[in-house]
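Asks: can't give you the sequence, but here's the structure:
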């Protein structure tokens with residue numbers, strides 16, 4: 001007789017800062033009984049402009065810390081870190097490690113009808129060719145147009161900070177992110193060339209970018225499907241836990257913990273709550 005197994009240990013999620021909280025949010029939405037242990041490496045943020053080998057070192061170090069906290073699996077909720085260190089981490093650690101590139105690439109390859117896919121990401125992710133390689137691995141006939149949009153991270157963070165309203169309104173945050181006209185102009189400059197490439201699918205290849213969905217969608221037009229790697233990664237996590245019979249027990253009350261290498265934990269808490277769309281309570285400072 002097949003007996004069901006459960007595993008109430010947390011899922012480890014990490015990013016170079018706040019962006020990965022969009023992934024944590026997607027996980028919490030899809031798997032409400034799972035505990036999440038979130039690590040934001042704010043002290044070394046951003047990863048985008050750094051050397052790949054250096055970022056790989058950060059990935060192995062953070063994964064070691066998470067495994068030491070007894071997580072049942074790890075989500076690298078950062079595209080740059082996924083490109084630099086995912087394969088190495090999968091070799092190094094006994095728990096499953098997933099990134100955000102492959103799920104997003106797979107969704108894009110399955111969504112596009114005209115086989116013309118755009119990718120927007122940090123310079124590090126674009127230079128790594130991680131998305132174009134992953135998409136073309138699934139369908140070599142797809143043409144991928146990649147554009148580095150480095151200022152989108154800062155635009156997203158600025159927009160979230162300017163989103164007014166009490167905590168109850170966080171759920172409708174996406175419509176409240178305020179983008180000043182000057183920054184809307186930057187978005188148009190970034191996205192107009194992609195629009196002219198006749199793409200029908202656009203991968204938001206940075207975990208900050210789902211916060212700018214309304215802005216990005218407004219520029220590229222509604223006939224272009226936006227792919228959020230956060231949502232796709234959450235689906236992958238769900239499938240892996242199902243295969244391993246490692247879901248938290250039904251009725252398990254989840255415990256979410258948040259850690260940052262940054263010194264301003266209050267800033268992380270208030271800003272992070274807006275991105276996670278839920279009050280995140282205490283944030284612990286950690287030195288690696």
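Replies: Perfect, thanks for sending it. Please read all numbers here as calculations on a predicted model, not as lab measurements.
Asks: What ranges does the stretch 101-250 of the chain have for its strands?
Replies: 116-121, 143-148, 201-204, 225-228 (DSSP state E, counting those that start in this stretch).
Asks: how about those in CSV, adding mean pLDDT, mean neighbour count and distance to residue 252?
Replies: Every C-beta, even on glycine, is put in place using the N, C-alpha and C of the backbone. Shown next, in CSV, are the strands of the stretch 101-250 of the chain (pLDDT from 0 to 100; neighbours: other CB atoms under 10 Å; distance: least, CB to CB, whole Å):
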stretch, mean pLDDT, mean neighbour count, distance to residue 252
strand 116-121, 97, 27, 35
strand 143-148, 97, 19, 41
strand 201-204, 97, 27, 31
strand 225-228, 96, 21, 27
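Asks: how about a markdown table for those strands, with distance to residue 65 added?
Replies: As requested, the strands of the stretch 101-250 of the chain are arranged in a markdown table below (distance: least, CB to CB, whole Å):
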| stretch | distance to residue 65 |
| --- | --- |
| strand 116-121 | 26 |
| strand 143-148 | 30 |
| strand 201-204 | 28 |
| strand 225-228 | 27 |
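Asks: Figure out which of those is closest to residue 235.
Replies: strand 225-228 (10.7 Å; CB to CB).
Asks: and the closest one, how far out from the chain's middle?
Replies: Mean-position distance between strand 225-228 and its chain equals 13 Å (CA atoms, centre = their mean, to the nearest Å).
Asks: who's in contact with that strand?
Replies: Residues outside strand 225-228 that contact it (CB atoms under 8 Å, 6 or more residues apart in numbering) are 22, 26, 104, 107-108, 111-112, 200-204, 209-210, 213, 216-217, 220.
Asks: Equivalent analysis for stretch 57-65, please.
Replies: By CB under 8 Å, 6+ apart, stretch 57-65 touches 12, 14, 16, 39, 41, 44, 47, 74, 76, 81, 84-86, 88-89, 92-93, 97, 286, 288.
Asks: And that stretch, what's buried?
Replies: Neighbour counts over stretch 57-65 (16 or more other CB atoms under 10 Å) mark 58, 59, 62, 63, 65 as buried.
Asks: buried subset of the contacts of stretch 57-65?
Replies: Neighbour-count burial within these applies to 12, 14, 16, 39, 41, 44, 47, 74, 76, 81, 84-86, 89, 93, 97; the criterion is 16+ other CB under 10 Å.
Asks: Please flag which of these sit within strands.
Replies: 12, 14, 39, 74, 76, 97 (DSSP state E).
Asks: check contacts around the third one.
Replies: By CB under 8 Å, 6+ apart, the contact list for residue 39 reads 12, 13, 14, 15, 62, 65, 66, 259, 260, 286.
Asks: any idea how far the residue nearest to the spatial centre of the chain lies from residue 53?
Replies: The centroid of the chain falls nearest to residue 207 when counting by CA atoms, centre = their mean (3.4 Å). According to CB to CB, to the nearest Å, residue 207 stands 22 Å off from residue 53.
Asks: Residue 104 now?
Replies: For residue 104, the distance to residue 53 equals 24 Å [CB to CB].
Asks: ok, the two, which is more surrounded?
Replies: Using other CB atoms under 10 Å as the criterion, residue 104 and residue 53 rank with residue 104 on top: 29 against 9.
Asks: What residues does the more buried one make contact with?
Replies: 131, 203, 204, 205, 227, 228, 229, 232, 233.
Asks: got TSV for these, with distance to residue 185 too?
Replies: Conversion of the contacts of residue 104 to TSV gives the following (distance: CB to CB, whole Å):
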residue	distance to residue 185
131	26
203	23
204	20
205	22
227	25
228	24
229	26
232	30
233	31
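Asks: Many thanks, have a good one.
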